[in-house]
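A.B. asks: okay, predicted coordinates and the sequence, questions at the end:
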Amino acid sequence: MSPQRPSLVATDVDGTLINDVEKVSDRTRDAIHAVVDSGTPFVLATGRPPRWIAPVVEELRYAPLAVCANGAVLYDSATDRVLSAAVLDPDELSWISEVAGAVLPGCGLAAERVGESAHDAATPQFVSAPGYQHAWLNPDNTELSEHEVIAEPAVKLLIRLAGATSREMAEAMIPQLHGLVDVTYSTTNGLIEISAAGVTKASGLRELARHLDVSSERIVAFGDMPNDIPMLSFARHGVAMENAHPDAKSAADEVTATNVEDGVARVLERWWQ
């Protein structure tokens with residue numbers, strides 16, 4: 001990338017910004033504060049929902065704008081306000097669930113919903129059917145019947161099949177969905193995530209750049225998993241972590257050190273010391 005400073009810095013969270021105990025190192029925090037102090041926007045771009053951004057804000061000691069739910073939600077963590085959300089409607093959710101039942105027998109379904117804020121008590125934000133086996137802790141989960149899970153609009157439909165790999169699941173589902181929705185994954189552990197057509201971290205980042213009125217031509221972006229690939233490809237300079245999935249590395253312009261070796265900071269320090 002040119003010596004000219006980026007117009008915007010975007011980073012994934014898990015496996016990228018934070019280390020393996022979900023902390024931001026002093027070096028990485030200092031590098032990010034240098035970016036912010038220079039007036040350059042720093043944003044998160046994550047598969048996490050808004051309600052899981054607060055611990056990152058605490059670690060950063062800064063409340064950034066965030067592209068959440070793999071691009072489906074734009075969230076202002078400073079004001080705890082959802083700026084926009086792209087949803088799958090119940091008809092789409094019903095169709096996807098039928099395809100999943102045929103292609104991935106025995107799979108479980110869950111849906112990520114969003115309200116006006118990260119902690120909108122009026123909206124149960126993560127709902128799962130009884131057959132859904134959680135890939136990670138979800139203490140805020142609400143268990144519903146499968147019919148109820150797909151009865152309300154959702155920013156993501158999650159499909160879980162323990163014992164399968166996420167790649168196998170995606171390869172089985174994608175041909176049957178005919179490009180009418182977006183399919184990705186952020187873990188290899190038998191979980192795929194489905195969003196509305198065209199919704200990716202790249203689309204969310206493009207919208208956020210417009211919101212900030214900054215050029216999208218000099219974005220630097222960091223990531224580690226297949227759900228980061230659209231963003232790494234969209235950015236002027238896409239950076240994968242050394243611990244990244246091979247497909248993310250292939251899509252990147254550069255591979256930096258791991259998330260436990262200050263990989264993000266090492267790149268940012270070229271422009272901000």
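C.D. replies: Good, I have the coordinates.

A.B. asks: need the contact partners of the worst-scoring helix or strand of the chain on mean pLDDT.
C.D. replies: For the chain, the helix or strand with the lowest mean confidence is strand 141-143, at a mean of 94 (criterion: mean pLDDT, DSSP states H and E). If you take CB atoms under 8 Å, 6 or more residues apart in numbering as the criterion, strand 141-143 is touched by 110, 124, 126-130, 134. Backbone N, C-alpha and C define where each C-beta goes, glycine included.

A.B. asks: start and end of stretch 111-120, how far apart?
C.D. replies: Chord length of stretch 111-120, first to last residue, is 16 Å (CA to CA, to the nearest Å).

A.B. asks: could you pull out the buried residues of it?
C.D. replies: When burial is assessed from 16 or more other CB atoms under 10 Å, stretch 111-120 yields the following buried residues: 111-115, 117-118, 120.

A.B. asks: separation between the closest residue to Asp12 other than its chain neighbours and Glu146?
C.D. replies: Across the structure, with CB to CB, 6 or more residues apart in numbering as the measure, the residue nearest Asp12 apart from its sequence neighbours is Gly223 (4.2 Å). Computed as CB to CB, to the nearest Å, the Gly223 to Glu146 distance reads 32 Å.

A.B. asks: between the two, which has more neighbouring residues?
C.D. replies: Neighbours of Gly223 and Glu146, each counted by other CB atoms under 10 Å, are more numerous for Gly223; the result is 32 against 16.

A.B. asks: do a quick rundown of the helices in the stretch 151-273 of the chain.
C.D. replies: Assignment of helices within the stretch 151-273 of the chain using DSSP state H, counting those that start in this stretch yields the ranges 166-177, 201-212, 229-234, 246-251, 263-268.

A.B. asks: quick one: distance of stretch 67-75 to the chain centre.
C.D. replies: Here stretch 67-75 is found 7 Å from its chain centre; the criterion is CA atoms, centre = their mean, to the nearest Å.

A.B. asks: buried residues, that stretch. List them.
C.D. replies: Buried positions in stretch 67-75, judged by neighbour count with 16+ other CB under 10 Å: 67-75.

A.B. asks: and if you look at stretch 174-194?
C.D. replies: Buried, per 16+ other CB under 10 Å, within stretch 174-194: 174, 177, 181-187, 190-194.

A.B. asks: ok, back up a step: give me the contact list for the following helix or strand past the least confident helix or strand of the chain.
C.D. replies: Counting by DSSP states H and E, the element after strand 141-143 in chain order, helix or strand, is helix 146-149. Residues external to helix 146-149 that are found in contact with it (CB under 8 Å, 6+ apart): 93, 97, 109-111, 127-131.

A.B. asks: please apply the same query to stretch 166-179.
C.D. replies: Defining contact as CB under 8 Å, 6+ apart, one finds that stretch 166-179 is touched by 96, 99-100, 102-104, 107, 159, 161, 183-185, 187-192, 194, 197, 226.

A.B. asks: picking that back up, partner strands of the least confident helix or strand of the chain, with direction?
C.D. replies: With DSSP bridges as the criterion, the sheet partners recorded for strand 141-143 are strand 126-128 (parallel).

A.B. asks: list of residues touching the partner strand?
C.D. replies: Residues outside strand 126-128 that contact it (CB under 8 Å, 6+ apart): 49, 108-113, 134, 138, 140-144, 148-149, 158.

A.B. asks: shaky segments in this structure?
C.D. replies: When residues are selected by pLDDT under 70, those of the chain lie in 1-3.

A.B. asks: what about the buried residues of stretch 67-75, which are in strands?
C.D. replies: Within the buried residues of stretch 67-75, residues falling in strands by DSSP state E are 67-68, 73-75.

A.B. asks: quick check, nearest of those residues to Asp247?
C.D. replies: Nearest to Asp247 among those: Val67, at 19.9 Å, using CB to CB.

A.B. asks: pretty sure that closest one contacts Ala10?
C.D. replies: Yes: look at Val67 against Ala10 with CB atoms under 8 Å: they come within range, at 7.3 Å.

A.B. asks: mutual contacts of these two, please.
C.D. replies: Looking at what touches both Val67 and Ala10 (by CB under 8 Å, 6+ apart), the common residues are 43-45, 205, 208.
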